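Enquirer: Sequence first, predicted coordinates after that:
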Number of protein chains: 2
Amino acid sequence: MSRTLAKIAYNADEKKLAAFAKAMGHPVRIQILKILNTQACCYTGDLTDSIPLAQSTISQHLKMLKDAGLIQGEIMPPKVKYCLNQENWPVARRLFSELFQLSGSQEGQTLCSSDE
Amino acid sequence: MSRTLAKIAYNADEKKLAAFAKAMGHPVRIQILKILNTQACCYTGDLTDSIPLAQSTISQHLKMLKDAGLIQGEIMPPKVKYCLNQENWPVARRLFSELFQLSGSQEGQTLCSSDE
DNA sequence: TTAGTTTATCGTGAATATACGATGATTGAT
DNA sequence: ATCAATCATCGTATATTCACGATAAACTAA
């Protein structure tokens, strides 16, 4: 963003997809998503136990995932239980799937052969 | 990275997936990937024409996509023709697909109900 | 009320990302 | 050899990311 003199009007889906991708752009957050995808849920403490990073750092990563809408937190005092965001996770799957399914299945595609 | 006192050994696939996601973490780069996915190929100039950003900025975005291995460039003087990276694009599709396919298909899944 | 547990947030410093204009490099055409 | 065209890279400024420790917030239990 920064010196945004040229403000572009992006497609809403492109913005969403980019935001999801950005949130997924760190190995720890991929790890967290995988864990949540496998076990359905877990507490922050479970993650701080299994990931060798400071508790504050993991909380920060969780916040990014939550802000992006990929996960959701349920307060169960004094813990917080995290799950995949039930509304947005399928949306993310669809957006990524659509991006990759446009082409790419064909092996012998005529790449790099446009006119001019 | 920065003050990496705690160096974590991530799964290779997790690192790859995170790197792909990071590269996709900007609307312009999503746009570029979509274009390349649709038209098979295009020149840098085609992108600078259709995207209201400085030529240097677009070149920078292209470099990120190339460094991440999502696209590849073919020099056709004085132009450069870009395509999706034929080797890695299917890899990226597979990694994202795997991440999203672990669960998530079931609607009435018993979320947030682990023990303790 | 006090103490303990769990998690989020604050403050910080270093690294990276994002945008721009200016300049450099490469090749084809004159 | 020179010029124009195309694209990459450099230099810059600002914003964001990523990590940490310290502290705050919320709730339970005693």
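Expert: Ah, there it is.

Enquirer: give me every residue that touches A:A12.
Expert: Residues near A:A12 by CB atoms under 8 Å, 6 or more residues apart in numbering or on different chains: none. In this view, the C-beta of every residue, glycine as well, is placed from N, C-alpha and C.

Enquirer: Find the helix or strand that A:F20 is a member of.
Expert: Following DSSP states H and E, the helix or strand that holds A:F20 is helix A:12-23.

Enquirer: Now do that helix, average pLDDT.
Expert: Per-region confidence: helix A:12-23 scores 97 on mean pLDDT.

Enquirer: So what angle separates the directions of it and helix B:12-23?
Expert: Helix A:12-23 runs at 140 degrees relative to helix B:12-23, counting by axes from the mean of the first three to the mean of the last three CA atoms, to 10 degrees.

Enquirer: ok, A:H61 - how many residues close by?
Expert: 19 (other CB atoms under 10 Å in any protein chain shown).

Enquirer: Now do the contacts for it.
Expert: A:H26, A:V28, A:R29, A:I32 are the contacts of A:H61 under CB under 8 Å, 6+ apart.

Enquirer: before we move on, back to that, got the angle for the very next helix or strand once past the helix holding A:F20 vs helix B:12-23?
Expert: Sequence-wise, the next helix or strand downstream of helix A:12-23 (DSSP H and E) is helix A:27-39. Per the same axes, to 10 degrees, the angle that helix A:27-39 makes with helix B:12-23 is 120 degrees.

Enquirer: What is the nearest of the contacts of A:H61 to B:C83?
Expert: A:H26 (27.5 Å; CB to CB).

Enquirer: quick one: that closest one from DNA strand C, how far?
Expert: 10 Å (CB to the nearest atom of the strand, to the nearest Å).

Enquirer: what about A:A23, distance to A:N11?
Expert: 18 Å (CB to CB, to the nearest Å).

Enquirer: I meant to write A:P90 there.
Expert: 19 Å.

Enquirer: Indicate each strand paired with the helix or strand bottoming out on mean pLDDT in chain A and its parallel or antiparallel sense.
Expert: Using mean pLDDT, DSSP states H and E, the weakest-scoring helix or strand in chain A turns out to be strand A:41-43, at a mean of 90. Sheet pairing for strand A:41-43, assigned by DSSP bridges, gives strand A:79-84 (antiparallel).
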